[in-house]
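> Could you work out the structure for the sequence below:
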Amino acid sequence: MMRDDRAVTGLAGLVRQLEAGSASLPHYPQLPSLQPMRDAWQQLHADSRLRIALQQTPAEGGPLNSAVLVHRMLDAMQALSPDYLRHFVAYADTLAWLEQQPQPTTSVPKRAPRKRTPKAR
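Okay, here's the model as predicted:
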């Protein structure tokens with residue numbers, strides 16, 4: 001059975017869509033000499049995002065307030081493992097970026113509802 005490229009959906013379709021507009025195309029070679037700069041930029045970006053998140057703590061949140069819990073979690077991560085915190089912030093940024101991507105517009109045909117026949121008594 002041959003697959004039509006238009007019929008490919010899911011993760012494979014998303015990867016193709018992202019590769020179509022990404023900088024990882026063959027005419028944009030990855031330069032290893034830029035890796036230290038990329039690493040520094042990721043660290044700076046994560047620190048900036050963390051600083052912004054920590055400034056937005058509610059003044060009067062209760063102990064189970066979700067914003068207060070996230071603030072305490074970020075503080076604890078920063079104290080215990082700053083590298084893990086940077087990784088976590090980068091992961092959250094990636095998820096937020098993926099959430100903003102346009103969703104595929106494939107429609108799944110709905111089944112017709114079954115007709116109920118009255119039961120004989």
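> for the chain, what are the low-confidence residue spans?
For the chain, the stretches flagged by pLDDT under 70 are 1-9, 21-29, 106-109.
> any idea which residue sits dead centre in it?
The C-alpha lying nearest the average C-alpha coordinate of the chain belongs to residue 95 (CA atoms, centre = their mean; 1.0 Å).
> Give me the packing partners of the helix or strand hosting that one, helices and strands only.
Assigned by DSSP states H and E, residue 95 belongs to helix 82-100. Contacts defined by 3 or more CB pairs under 8 Å, 6 or more residues apart in numbering; DSSP states H and E place helix 82-100 against helix 35-55, helix 66-80. Every residue, glycine included, has its C-beta placed from N, CA and C.
> Ok, which of those comes nearest residue 99?
helix 35-55 (15.6 Å; CB to CB).
> Show me what that closest one is in contact with.
Here helix 35-55 makes contact (CB atoms under 8 Å, 6 or more residues apart in numbering) with 70, 71, 74, 75, 78, 85, 86, 89, 90, 93.
> Which residue is the nearest non-sequential neighbour of the first one?
The one in question is residue 70. Leaving aside its sequence neighbours, residue 70 sits nearest to residue 53 (CB to CB, 6 or more residues apart in numbering; 7.6 Å).
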